[in-house]
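Chemist: I would like the atomic coordinates for the input below:
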Amino acid sequence: MSSPNWVLWALLSAAFAALTAIFAKVGVRDVDSDLAMAVRTLIVAALIVPFVLVGGKWSNPFVLAPRTQLFLLLSALATGASWLCYFRALQLGDVSKVALLDKLSVVLVLVFAAVFLGERPSGRDWTGIGLMVAGLMVLVLKR
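Modeler: Predicted coordinates for the structure are as follows:
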């Protein structure tokens, strides 16, 4: 069973993701989006590695189970591809529209979780998913 603290962490994640979009849009204004993403990634690594070390959470990643290593690798590759595409989209489009379309990932997570992880959203969940897609279409598509 999950802790109720997940709600707080998820809300903080949403707030920081919103700030990320705003800051990144300004950050890619006068630089190639791929370079901007690389700089951002280096800064994230420079912040998180000491955080893990100071917290005493570091362990040898090479002794992780091969399945864990594989899925962390796939997650990292997907993250990198997502960030490259996101920064390119930010450079080319309005942040408000880019961020909205990027949140289609929420819908895709629910669909992928059903297909690949065997999670079973209820009819109510599917209705919400449909409403999210409809809302995204209304907000993003031009008349």
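
Chemist: Could you use CA atoms for every contact and neighbour count after this?
Modeler: Will do.

Chemist: can you list the weak-confidence ranges in this structure?
Modeler: Along the chain, the model assigns pLDDT under 70 to residues 1-3, 143.

Chemist: By residue count, what's the longest helix in it?
Modeler: Scanning the chain for the longest helix, with DSSP state H as the assignment, gives helix 66-92.

Chemist: Counting by contacts, list what that one packs against.
Modeler: Here helix 66-92 touches helix 5-27, helix 33-54, helix 95-102, going by 3 or more CA pairs under 8 Å, 6 or more residues apart in numbering; DSSP states H and E.

Chemist: so the longest one versus helix 66-92, what angle?
Modeler: Computed with axes from the mean of the first three to the mean of the last three CA atoms, to 10 degrees, the direction of helix 5-27 lies at 40 degrees from that of helix 66-92.

Chemist: I'd like to know how many residues surround Lys25.
Modeler: Neighbour count of Lys25, defined by other CA atoms under 10 Å: 23.

Chemist: Distance-wise, check it relative to Met137.
Modeler: Applying CA to CA, to the nearest Å, the value for Lys25 to Met137 is 22 Å.

Chemist: Please apply the same query to Val54.
Modeler: As judged by CA to CA, Val54 and Met137 stand 45 Å apart.

Chemist: Kind regards, and thank you for your time.
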